[in-house]
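S.K.: What would the 3D arrangement of this be:
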Amino acid sequence: MPLKRSIYALLLLFLVYPLVSFQYNSEHPSYRIKTIVIDAGHGGKDGATRGLTAKEKDVALQVALRLGKALTDSNSDIKVVYTRQDDVFIPLYERIGMANRIKADIFISIHCNSMPYNMRNRAATKGVETFVSGFNRLGEQNTAVRENASILLENNYQENYGGYDPKDPESFIILSLLKNSYRDQSIRLASLVQQEYAATGRVDRGVKEQSLAVLAKAGMPAILTEIGFISNPEEEEYITSENGQNEIVSSLLKAIQAYKKHVEL
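M.R.: Modelled structure (predicted):
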């Protein structure tokens, strides 16, 4: 009798569970990517980085606007929000703060890379790399120092960033403690971006973790992608051309679509 009761109980469970599961799934629809924030790096008074003819802030904005249009044209269900649409200065904490407030599903910050003016072979360095929020060794902080230096242009930057000083190496430890819980998703998206870049023949400098203030407090998968070295005349010509920007946007769009397909399964 105890065995027979157990068998009946199991049969009842197998019969009832699919109905419960169906009801649960109908009340809780699958996750969908609905909002993407596109951040054109720098802007306004924060725009010193330049190549022979172009400024990083202008190129980043051009690519950001092209990417936003491509996203909305190919995905009518996706809302695109820009941190800036013209040449204005937006503090770093406001950029990611905007994404957090609207509960964005993805945050993408677009930048151009550059080697220091006093570095040998400055004009020869080329390639693309994509960053996620994380901690890095002190000797590998060139990008973080350059990007986080924008904080110094903000009023009350120490108050806004909890005492963070981009000139103090110890502050990178503070930022590492703020590393968001979306690390794995960010790395997946960044890896897809790099794969698409490489497929077009770009030099793949990889996915890297850096203590970048613009990503540190992200409440969603967030990446910062360097679309090319503006300090390299060949790459400057590419990233400022219509064909080059279209190819960059196509790579980013394909990566986002692949990531979207994966997380929405």
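
S.K.: Just give the number of residues close to the residue lying closest to A198 once chain neighbours are set aside.
M.R.: Leaving aside its chain neighbours, A198 sits nearest to D204 (4.3 Å; criterion: Cβ to Cβ, 6 or more residues apart in numbering). All C-beta spots, glycine's among them, are computed from the backbone N, C-alpha and C. By the measure other Cβ atoms under 10 Å, the count of residues near D204 is 15.

S.K.: so what's D204 bridging to?
M.R.: For D204, the beta-bridge partners under DSSP bridges are V128.

S.K.: Please apply the same query to V81.
M.R.: V37.

S.K.: thought it was touching R95?
M.R.: No. Applying Cβ atoms under 8 Å as the test, V81 and R95 come out as separate, 10.8 Å apart.

S.K.: The two: who's more crowded?
M.R.: Neighbour totals were compared for V81 and R95, and R95 leads with 22 against 15 (other Cβ under 10 Å).

S.K.: Enumerate every residue touching the more buried one.
M.R.: Neighbouring residues of R95 by Cβ atoms under 8 Å, 6 or more residues apart in numbering: 39, 83, 109, 214.

S.K.: Next step: those residues restricted to strands.
M.R.: Taking DSSP state E as the definition of strands, those contribute 39, 109.

S.K.: Tell me which two in the contacts of R95 are the farthest apart.
M.R.: By the measure Cβ to Cβ, T83 and V214 form the most distant pair in these, at 9.3 Å.

S.K.: Looking at those two, which is more packed in?
M.R.: For T83 versus V214, neighbours defined as other Cβ under 10 Å are more numerous around V214 (28 against 23).

S.K.: OK, contacts around the more buried one?
M.R.: V214 neighbours (Cβ under 8 Å, 6+ apart): 39, 92, 95-96, 109, 147, 224.

S.K.: Now do the helices in the stretch 101-250 of the chain.
M.R.: 142-148, 157-160, 171-177, 183-199, 213-216, 233-240, 242-263 (DSSP state H, counting those that start in this stretch).

S.K.: and those helices, which one's lowest on average pLDDT?
M.R.: The stretch with the lowest mean pLDDT among the helices of the stretch 101-250 of the chain is helix 171-177, at a mean of 55.

S.K.: Of the contacts of R95, just say which sits nearest to N75.
M.R.: D39 (18.7 Å).

S.K.: Tell me, what's the model's pLDDT at that closest one?
M.R.: 98.

S.K.: One more: T130?
M.R.: Per the predicted model, pLDDT is 97 at T130.

S.K.: swap in Y182?
M.R.: Per-residue pLDDT puts Y182 at 77.

S.K.: residues contacting the nearest residue to it once chain neighbours are set aside?
M.R.: Leaving aside its sequence neighbours, Y182 sits nearest to P221 (Cβ to Cβ, 6+ apart; 4.8 Å). Counting by Cβ under 8 Å, 6+ apart, P221 touches 105-107, 182, 185-186, 188-189, 259.

S.K.: possible to save the contacts of V214 as TSV with distance to Y117?
M.R.: Listed next are the contacts of V214 as TSV, based on distance: Cβ to Cβ, whole Å:
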residue	distance to Y117
D39	26
L92	24
R95	27
I96	29
S109	24
E147	17
L224	22
